[in-house]
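Student: no sequence on hand, only this structure:
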């Protein structure tokens, strides 16, 4: 150990706080200037922690499942009545869907329509709420040999969740649609008007920039739009709701507060990616 | 009578006991215990709990406690490392939590001798004030770095969690602190 004289050591101890604060401001500037470095640091850390989170999330999930089980026992009766009614309604819709499907095949045959290939996807487990106080994101655990790229679209079993923003060797981060930095081009299904869904860090993203003359209706379905070539058209997103203040918001189909598995779809789109991703383009992995 | 005194000077003329490897290792472990334990708690707090403010709320009591009662184990570089870990774990703009935690540490360091003489409730109140200042600082820095106003609800979440968890954390940590002090005073 290096032996220092006592006054020198005292001076060092007194100086270390100002030095550290100065270094912290340096780090802050560095983080603002070089997003790529910060992203790489975060990815390295998440790669190292993903197996630990995977191990921890199992007992946590078990406890949550047990609690949900007990709660569901309490509402069994009312659920049953509701489901019976819903079943009745769905049966009617089923008949309607079958007739529409038959009509659709007929029309397609007349048009010579070439169907799009089904996109391939990876299912991934959510291992941590990677978001913080001011961010909405989740960390996924993925197998080491994967074909996951930035910009891929994440869906849960109900609808749109978000986009992949960081990919490491064993983990990936998905920026949720509710994050402040999330902007998703959408189409209102009733009026076919285009709009932008902007996250606010709250539970419901806000609807913005719809064309003049169109008023989004409460309860109207919202789907993704193929504009800007970032998303395929028609992925289910949510329905339009009016907030207490009168703002138009989107109630998402996906249950973002309780995500366990998501599917990452590769639509092969190369639309708008965050600036740091453009600086380092990632070519699509060749198909084997 | 002198045998009961907690801090006993070695009798004059007897050499200090030699510092063998096991003893040195133990001292080193005691030195890094605050860092390791706090880092582990932060990592665990980032698991899916539905409470995004939890990690920051847990970091403040630990750093406040160790700064006042065991400053050797919570030096500014250690606070810096913990802040960096918190920033990387929570996706906050880099540096926000480092500065907030360093500020809390600096204030606690300055008031350390006065705080150590106060009762528990007084220390708790002072901690709440410090946590309020640190949370507001983090919020302000985030606003400057994002060039947008972040939501204000997380301030309350962090503050309430932190103030509410402080007594529990302080009890646990003071147990650990007492145990370490007993081990240090062994002949």
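Tutor: Looks like it came in fine. Please read all numbers here as calculations on a predicted model, not as lab measurements.
Student: quick one: low-confidence parts of the stretch 1-150 of chain A?
Tutor: A:1-3, A:130-134 (pLDDT under 70).
Student: how about the helices in it?
Tutor: Along the stretch 1-150 of chain A, counting by DSSP state H, counting those that start in this stretch, helices occupy A:6-33, A:35-74, A:76-111.
Student: spatially nearest residue to residue B:124, not counting backbone neighbours?
Tutor: Nearest residue to residue B:124, sequence neighbours excluded (Cβ to Cβ, 6 or more residues apart in numbering or on different chains): residue B:166, at 5.9 Å. C-beta coordinates here come from the backbone N, C-alpha and C atoms, glycine included.
Student: my guess is the one you found meets residue B:125, correct?
Tutor: No - applying Cβ atoms under 8 Å as the test, residue B:166 and residue B:125 come out as separate, 10.2 Å apart.
Student: more neighbours: which of those two?
Tutor: residue B:166 (23 against 12; other Cβ atoms under 10 Å in any protein chain shown).
Student: residue contacts, residue 57?
Tutor: All of this refers to chain A. Each residue near residue A:57 by Cβ atoms under 8 Å, 6 or more residues apart in numbering or on different chains is listed here: A:125, A:126, A:127, A:128, B:47, B:48.
Student: that was the other one, I meant chain B.
Tutor: Per Cβ under 8 Å, 6+ apart, neighbours of residue B:57: B:157, B:158, B:159, B:161, B:162, B:165.
Student: also residue B:183?
Tutor: Contacts of residue B:183 by Cβ under 8 Å, 6+ apart are B:26, B:30.
Student: mind listing what's buried in the helix or strand where it lies?
Tutor: Taking DSSP states H and E as the criterion, residue B:183 maps to helix B:153-184. Using 16 or more other Cβ atoms under 10 Å in any protein chain shown as the test for burial, helix B:153-184 gives B:154-155, B:157-159, B:161-163, B:165-166, B:169-170, B:173, B:176-177, B:180.
Student: stretch A:43-51 now?
Tutor: A:43, A:45, A:46, A:47, A:49, A:50.
Student: so the first one makes contact with residue A:166?
Tutor: I take that to be residue A:43. Yes - between residue A:43 and residue A:166 there is a contact at 5.3 Å, judged by Cβ under 8 Å.
Student: any shared contact partners between the two?
Tutor: What both residue A:43 and residue A:166 touch, as defined by Cβ under 8 Å, 6+ apart, is the set residue A:173.
Student: which residue is nearest the middle of chain B?
Tutor: residue B:63 (1.5 Å; Cα atoms, centre = their mean).
Student: contact partners for it?
Tutor: By Cβ under 8 Å, 6+ apart, the contact list for residue B:63 reads B:38, B:74, B:79, B:82, B:101, B:104, B:105, B:108.
Student: show me which of the residues you listed neighbour chain A.
Tutor: B:79, B:105 (Cβ under 8 Å from any Cβ of the partner chain).
Student: list buried residues within the contacts of residue B:63.
Tutor: For those, buried by 16+ other Cβ under 10 Å: B:38, B:74, B:79, B:82, B:101, B:104, B:105, B:108.
Student: closest to residue B:130 out of these?
Tutor: residue B:104 (5.2 Å; Cβ to Cβ).
Student: wait, the closest one touches residue B:66, no?
Tutor: No - assessed by Cβ under 8 Å, residue B:104 is found out of contact with residue B:66, at 11.4 Å.
Student: for the contacts of residue A:57, which one is nearest residue B:27?
Tutor: Looking across those and measuring by Cβ to Cβ, the closest to residue B:27 is residue B:47, at 32.5 Å.
Student: okay, now that closest one: neighbour count?
Tutor: Neighbours of residue B:47 using other Cβ under 10 Å come to 19.
Student: regarding it, what is its secondary structure?
Tutor: Secondary structure for residue B:47, judged by DSSP: H, G, I helix; E, B strand; the rest coil, is coil.
Student: what about it, distance to chain A?
Tutor: 5 Å (Cβ to the nearest Cβ, to the nearest Å).
Student: residue contacts, that residue?
Tutor: Taking Cβ under 8 Å, 6+ apart as the test, what residue B:47 contacts is A:53, A:56, A:57, A:60, A:127, A:128, A:129.
Student: same thing but at 7 Å, please
Tutor: Residue B:47 makes contact with A:53, A:56, A:57, A:60, A:128, according to Cβ atoms under 7 Å, 6 or more residues apart in numbering or on different chains.
Student: just the buried subset of those, please.
Tutor: For these, buried by 16+ other Cβ under 10 Å: A:53, A:56, A:57, A:128.
Student: so which of those residues is the closest to residue A:80?
Tutor: residue A:57 (31.5 Å).
Student: now the helix or strand harbouring the residue nearest to the centre of chain B against helix B:153-184, angle please.
Tutor: Assessed by DSSP H and E, residue B:63 sits inside helix B:54-69. Angle, helix B:54-69 to helix B:153-184, by axes from the mean of the first three to the mean of the last three Cα atoms, to 10 degrees: 40 degrees.
Student: buried residues, whatever helix or strand comes next after helix B:54-69. List them.
Tutor: Next in sequence after helix B:54-69, counting helices and strands by DSSP H and E, comes helix B:76-90. Residues of helix B:76-90 classed as buried by neighbour count (16+ other Cβ under 10 Å): B:76, B:78-80, B:82-90.
Student: residues making contact with whatever helix or strand comes next after helix B:76-90?
Tutor: Note on helix B:76-90: by DSSP H and E, the next helix or strand toward the C-terminus is helix B:96-110. Helix B:96-110 is contacted from outside by A:17, A:20-21, A:24, A:27, B:56, B:59-60, B:63-64, B:67-68, B:71, B:74, B:76, B:79-80, B:82-84, B:86-87, B:130, B:134, B:137-138, B:141-142, B:145, using Cβ under 7 Å, 6+ apart.
Student: show me the shaky parts of the stretch 151-288 of chain A.
Tutor: A:270-288.
Student: tell me who's in contact with the residue in it that chain B sits nearest to.
Tutor: Scanning the stretch 151-288 of chain A for proximity to chain B using Cβ to the nearest Cβ identifies residue A:201 as nearest, at 5.2 Å. Contact partners of residue A:201, counting by Cβ under 7 Å, 6+ apart, are A:134, A:136, A:178, A:179, A:180, B:151.
Student: brilliant, that's me finished.
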